[in-house]
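Colleague: Fold the following for me, if possible:
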Amino acid sequence: GGVNVSTADHSIFGIVMYNARLHVCARAAAEGHKGSAAEAEELLDEMEDRGFRPTLFTLNKMLEVVEGASAYGAAGLREAEAVLVRMQRLGVRPDRESCLRLLGATAWAAYHGGGAA
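Modeller: Numbers count the residues shown, from 1 in each chain. This is a model prediction of the structure:
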């Protein structure tokens with residue numbers, strides 16, 4: 001017989017895989033690769049469409065992407081706000097890391113004239 005994987009195990013595995021993919025986007029954004037924030041947003045949408053619920057870790061990783069992209073003017077306040085709105089919709093309460101990432105993204109947006117991509 002085959003290996004019996006429970007729905008919970010499948011869900012955890014899926015979330016971990018999406019988190020890993022978001023981490024790659026965060027690294028790319030921090031290195032100035034254009035399109036990282038848009039790719040990460042698509043991953044989050046895909047994750048939810050497939051029935052996986054983003055965790056605080058997932059959403060903080062998304063904020064890391066936004067912060068990194070903001071440093072190069074490739075994201076801004078609009079993208080940061082979109083993550084906060086998603087957090088609120090999902091009932092995920094921001095933590096210290098969330099606030100620090102938001103502060104970083106906001107500072108970079110101000111440096112680049114407050115704009116968003």
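Colleague: Every contact and neighbour count from this point should use C-alpha atoms.
Modeller: OK.
Colleague: Run a quick neighbour tally on the residue nearest to Ala71 when sequence neighbours are not counted.
Modeller: Ranked by Cα to Cα, 6 or more residues apart in numbering and with sequence neighbours excluded, the top spatial neighbour of Ala71 is Trp108, at 5.2 Å. Per other Cα atoms under 10 Å, the neighbour tally for Trp108 reads 23.
Colleague: Could you check which helix or strand contains Trp108?
Modeller: In this structure, Trp108 is located in helix 96-111 according to DSSP states H and E.
Colleague: Just give me how far that helix sits from the chain centre.
Modeller: 13 Å (Cα atoms, centre = their mean, to the nearest Å).
Colleague: Let's see that helix as CSV, backbone CA atoms only.
Modeller: Extracted in CSV, the C-alpha atoms of helix 96-111 (Å, rounded to 0.1, in the frame of the first residue of the first chain):
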residue,chain,number,x,y,z
ARG,A,96,6.6,43.0,16.2
GLU,A,97,8.1,41.7,13.0
SER,A,98,5.1,42.8,11.0
CYS,A,99,5.4,46.3,12.5
LEU,A,100,9.2,46.5,11.8
ARG,A,101,8.6,45.4,8.2
LEU,A,102,5.9,47.9,7.7
LEU,A,103,8.1,50.7,9.2
GLY,A,104,10.9,49.7,6.8
ALA,A,105,8.6,49.7,3.8
THR,A,106,7.1,53.0,4.8
ALA,A,107,10.6,54.6,5.2
TRP,A,108,11.7,53.4,1.8
ALA,A,109,8.5,54.6,0.2
ALA,A,110,9.1,58.0,1.8
TYR,A,111,12.6,58.0,0.5
